[in-house]
Structures are given as structure tokens and as C-alpha cells.
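> What would the 3D arrangement of this be:
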Amino acid sequence: MSETDVKLPSFGRGLSARVLLLTILFVLVSEVLIYAPSIARFRLDWLEEKLNTAHLAILALEATPDYMIDPELEVRLLSHVGARVIGLRASDGKNLILRGSSPPLLVDVTVDLSERGILPLLDDGIDTLLQTRNRVLRVKGYSPRAADVVVDVVLDEWPLRQAMIAYSWRVLGFSVVISLITAALVFGALQWLIIRPMRHLTRGMVMFRQDPEAQRGDFGTTSRGDEIGLAEREFGEMQDKVRQSLQQRARLAALGTAVSKINHDLRGILATARLITDRLAESDNPEVRKAAPALLRSLDRAVDLCSDTLNFTREGPPKPEFETFKLGELVDEVGEGLGKLLVAGKAWSNTVPLTLTIRADRGQVYRILRNLGENALQMGAQHVTVSAEEGADGLEILVADDGPGLSPKAMENLFVPFKGSARAGGTGLGLAIARELMRGQGGDLKLLRSDAKGAVFALTLPMETDQAR
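Down below sits the predicted model:
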């Protein structure tokens, strides 16, 4: 995918639409959870109201001396209540009944209102809504007007179902309105607090990927104290660091290109100067002979500086070429290569077991050990000891010296190119390159100790390097 194809998703495919739909859905689910107990409660209240009205209707019998009323009035009372039969039983043994002209009825369902468990009420409410035929109900329970009076009412279920359906439509309309209002409020809050900042952050990431060096956005200036504010500040800081790294890499690349172009000519010039210096060393003038060695050392440092700079600025560390070899023999070779520095009592000690073999890039390990040895001896160490220890994480090669230790400035930027030189006049590239070479082999280079008794560097190689005794 090309950079120009990267676009933010539209409203219908982005977070905004999904948050809006999910908000409406969750509110509707909440309304359904509220509706179930509310419809059960509506059914209970409707039936209790029927008991209350039936109690009032049957009291007309108590106004007569023989508990008998005109049949037409009885029918009117039953019609007013919406019942077919009304019965009353009091605690004093009184029993009353309003039957009207209804023939004997076969009751389909008996409802005892004294049983008020939430699950039975929910089950009965749903059962009533799902009925497709008119059933005959017998509803009994204590009268709301007298706790010692039990009222029995036989009535049709269909009016109850119709009332519950009408109530459900009212609840549905109210729920839809509540859902839309709640969804709009929640969506607006999420849009303001999360979605809009996330789109801004995503847009910044896309633009940063397309052109990392361009200065865009104000992510580091946000005052938000939440996670999104932290993400914006961290993203702004990351942009600055990546931009600085790219600029530094560009400068190093330009430096490497320039050094590559002049390296050949510069080496020729330095070689000519070295030949002339060799002839000066044979001069009959004692002063000239005395100055020749210092000039030779200066020329050697100039050549080393060109080589180190060129090696560091090329495209990454060389790919390691793994081979199996004896570490002790390699350490001895490094000691032989440092022979010109092992003067005036200075010594290179090898305590690595002769049978210890490792699998690594032999040339790179030689280069790293030689660099550490040269640094130690040039800083004033008298003895440099190389040992090896096998631990849980792999093999650890220790290079210890008895020199004066590293300066605070060198410790602060130990592996930083051009800053972390361990000796005066150095460039700091040696340790930086050495660490890069170790990491290229899956290991690392680190400083374990540095004090007045000397310094100890550790080269770690992972277990995958297949060490074997």
C-alpha cells in the first residue's frame, strides 16, 4: 500500500458509528431488562385492582337483609367489575357470592396473589402476553381493603392481555426515546473524550509515517491527565526523538559518504608522510630522531580514526559469520597482537580453559577483545586478564584490568559514538562498534565494574551459540 492510500475510515466504518450503534443497543438491552419486571408488576397491579373493585361490588350484598339483590343489579355490578363470578370469604365465617346469570365455568388458570415470588410473576406475565386465546382466570387473594377477607374473582384473561399490550407499546415508545437521548449524550461524550482525540492521534501517526521529518501536530502540549493525554505526550516525545535520530543518521550518512570518498586519498597522503617520517627516524640530527616516533604515533592515530569512522558510518554492523573455535586460542592471539603494548612489566593473562569452544564470529570477537585490551593498557593498566564463565543465560567472557578505572564523563556516555571515549584523545567509536558487533551475534557488551582497582567488561553470548566443553 502506498503512502497516499492511507486514509482515516469514514463515519460508517469508524469508531463513531460503532460506538453509536453499541450505545443504542446496550440502552435497549437495559430497557428490556427493566421491562420484564415492570410488565409483571403491571399485571399484578391490574389483578389487585380487580380484587379491590370486586370487594366493593360484593359489599352491596351486605346492605340487604337476606344478602340478596336484584338480578339485574347483580349483572350490572359484575359487568362494572369485568368479572363473571365474585366470591368473598371473611374470617368470621361470612361467605358471599355474586354469580349473575353466568353458567358454570371451567377455570383454565388459578392465580393466587398471595404468592409474590419474582420468578413466578415474570413467568406468568410472559405467559399472558404469549396467549392467543381467551382463558378463564380464577384470581384469589386478600382484599386490599381488609386483610382478613379473601376475595375470589373469575374473569376473562383477554382484557388483561389487551391492557398489558397497550402498556408494552407505551413502554416501547418511552424506551426508544430514552435510548435515543441516552445514546446521543453518551455518543457525544465519547466523541469528545475519546473518538475525536483518537482520530487526531491516528491522523498524526499517518502523517508522521508519511513524512517523519516534518514538524506537525501539537501532541506534546496537551493538558489532559488521562491515558489519552499521556499517549499524546508520549507520541509527541517519540516524534521528537525519532526526528532527532533521523537527522543524526542523515548527518552520519553524509559523514560516511564524505569519508568514503576521501579515505583512499587520505590513506595515500598518510602513507607518504609515514615513509618520510621513517627516513626522519634515521636522520643524523638527534632532535629530529627524537621527534620522529611521536610523529609516527600521530599518523597511526589519524589512520585509525579514518578507519573507525568509516566502519561506523556504513550501513549497519557486518553480518556475523558463525564458526566453532576454541576461545582460549583466540585470547592468546589477541595477546600476541598486543605485543607492542606489553612493555615495562605489562602483561596479558589468559585464564580461559583450553577446551572451551564457542560458536561465534571469530574475527569480530578478536576485534572486540583487542579493542578492550588496547584501551586498558593505554589507560595505564599493568595487567589485563581474560576469563570465561558459563551461567544460566549463556557464556560470559570477562576482561578485567588493574588500571585507574573510567572517568565520570566516560561512564556517562560509555557506548555513545564520539562522546564515550575511555581514553584521552579517543573518538568513542571503538566501544560503540564493539557493542554493536556483540548485539549482532545475539549477545551484548556491558561494563560490570569501574573503580580505583580497575574495570571489568563482560561479553555475553547466548546459549544458542552452542558452547561445549
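> residue ranges of the helices in this protein, please?
With DSSP state H as the criterion, the chain has helices at 15-58, 71-81, 118-130, 158-190, 196-210, 227-281, 286-313, 327-337, 362-378, 408-412, 429-440.
> all strands of the stretch 351-469 of the chain, in order?
357-360, 383-391, 394-401, 444-451, 454-462 (DSSP state E, counting those that start in this stretch).
> who wins for proximity to Lys50 among the ones you listed?
In terms of C-beta to C-beta, the element of the strands of the stretch 351-469 of the chain nearest to Lys50 is strand 454-462, at 83.9 Å. All C-beta atoms are positioned from the backbone trio N, CA, C, and that covers glycine.
> Also compute the angle for that closest one relative to strand 383-391, please.
Between strand 454-462 and strand 383-391, the angle comes out at 30 degrees (axes from the mean of the first three to the mean of the last three C-alpha atoms, to 10 degrees).
> quick one: strands adjacent to strand 454-462?
strand 394-401 (antiparallel), strand 444-451 (antiparallel) (DSSP bridges).
> How is the chain partitioned into domains?
With domains defined by automatic domain parsing, the chain comprises 15-180, 227-313, 323-465.
> and the second one, average pLDDT?
Looking back up the chat, that one is domain 227-313. For domain 227-313, the mean per-residue pLDDT is 69.
> What of stretch 53-68?
So the average pLDDT for stretch 53-68 ends up being 79.
> Repeat that for stretch 107-125.
84.
> Okay, now the unreliable bits of the stretch 351-469 of the chain?
Low-confidence segments of the stretch 351-469 of the chain, defined by pLDDT under 70: 413, 417-429, 463-469.
> Alpha carbons of stretch 195-207, as PDB, please.
What follows is stretch 195-207, C-alpha atoms only, in PDB (Å, rounded to 0.1, in the frame of the first residue of the first chain):
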ATOM      1  CA  ILE A 195     -13.000   9.300  19.500                       C
ATOM      2  CA  ARG A 196     -12.000  12.800  18.400                       C
ATOM      3  CA  PRO A 197      -8.600  12.700  20.200                       C
ATOM      4  CA  MET A 198      -8.000   9.200  18.800                       C
ATOM      5  CA  ARG A 199      -8.700  10.300  15.300                       C
ATOM      6  CA  HIS A 200      -6.400  13.300  15.800                       C
ATOM      7  CA  LEU A 201      -3.700  10.900  17.200                       C
ATOM      8  CA  THR A 202      -4.300   8.400  14.300                       C
ATOM      9  CA  ARG A 203      -4.100  11.200  11.700                       C
ATOM     10  CA  GLY A 204      -0.800  12.400  13.300                       C
ATOM     11  CA  MET A 205       0.600   8.800  13.100                       C
ATOM     12  CA  VAL A 206      -0.300   8.500   9.500                       C
ATOM     13  CA  MET A 207       1.200  11.900   8.600                       C
END
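> picking up where we left off before, in a markdown table, list the strands of the stretch 351-469 of the chain along with mean neighbour count and distance to Gln239.
Shown next, in a markdown table, are these (neighbours: other C-beta atoms under 10 Å; distance: least, C-beta to C-beta, whole Å):
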| stretch | mean neighbour count | distance to Gln239 |
| --- | --- | --- |
| strand 357-360 | 21 | 38 |
| strand 383-391 | 17 | 40 |
| strand 394-401 | 22 | 37 |
| strand 444-451 | 16 | 28 |
| strand 454-462 | 21 | 33 |
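> To Leu129, which of those lies closest?
Here strand 454-462 is closest among those (C-beta to C-beta), at 69.9 Å.
> and for the closest one, what are the contacting residues?
358, 360, 365, 368-369, 372, 376, 381, 393-406, 438, 441-450, 467 (C-beta atoms under 8 Å, 6 or more residues apart in numbering).
> next one: stretch 46-63
With C-beta under 8 Å, 6+ apart, stretch 46-63 has contacts from 67-69, 73, 77-78, 80-83, 86-88, 96-98, 111, 113, 139, 141, 143-146, 149, 151, 153, 155, 160, 163-164.
> one more time with 7 Å, if that's ok
Outside of stretch 46-63, the residues within contact range by C-beta atoms under 7 Å, 6 or more residues apart in numbering are 67, 69, 77, 80-83, 86, 88, 96, 98, 111, 113, 139, 141, 143-145, 149, 151, 153, 155, 160, 163.
> contacting residues around Ile39?
Residues near Ile39 by C-beta under 7 Å, 6+ apart: Gly125, Met164, Tyr167, Ser168.
> Looking at these, spot the one nearest Ile276.
Among these, and counting by C-beta to C-beta, the member closest to Ile276 is Ser168, at 107.7 Å.
> give the contact list for the closest one.
So, once contact is read as C-beta under 7 Å, 6+ apart, Ser168 ends up touching Ile39.
> still on that earlier bit, Val206 is nearest to which of the domains of the chain?
When those are compared by C-beta to C-beta, domain 227-313 sits nearest Val206, at 12.2 Å.
> Check the offset of the top strand by length along the chain from the chain's centre.
If you go by DSSP state E, the chain has its longest strand at strand 146-156. With C-alpha atoms, centre = their mean, to the nearest Å as the basis, strand 146-156 stands 64 Å off its chain's centre.
> for stretch 139-149, same thing?
Distance, centroid of stretch 139-149 to centroid of chain: 62 Å (C-alpha atoms, centre = their mean).
> Now do it: everything it contacts.
Residues outside stretch 139-149 that contact it (C-beta under 7 Å, 6+ apart): 47-48, 50-52, 55, 88, 90-91, 111-114, 150-153, 155.
> Quick one, which of these are buried?
Among the contacts of stretch 139-149, those buried by neighbour count (16 or more other C-beta atoms under 10 Å) are 47-48, 50-51, 55, 88, 111, 113, 150-153, 155.
> So which bits of stretch 327-339 are buried?
Using 16+ other C-beta under 10 Å as the test for burial, stretch 327-339 gives Leu327, Gly328, Leu330, Val331, Asp332, Val334, Gly335, Leu338.
> pretty sure the first one is touching Leu356, no?
Read it as Leu327. Yes: with contact taken as C-beta atoms under 7 Å, Leu327 and Leu356 are classed as touching, separated by 5.1 Å.
> tell me, what's touching those two both at once?
Listed contacts common to Leu327 and Leu356 are Ala388; contacts here mean C-beta under 7 Å, 6+ apart.
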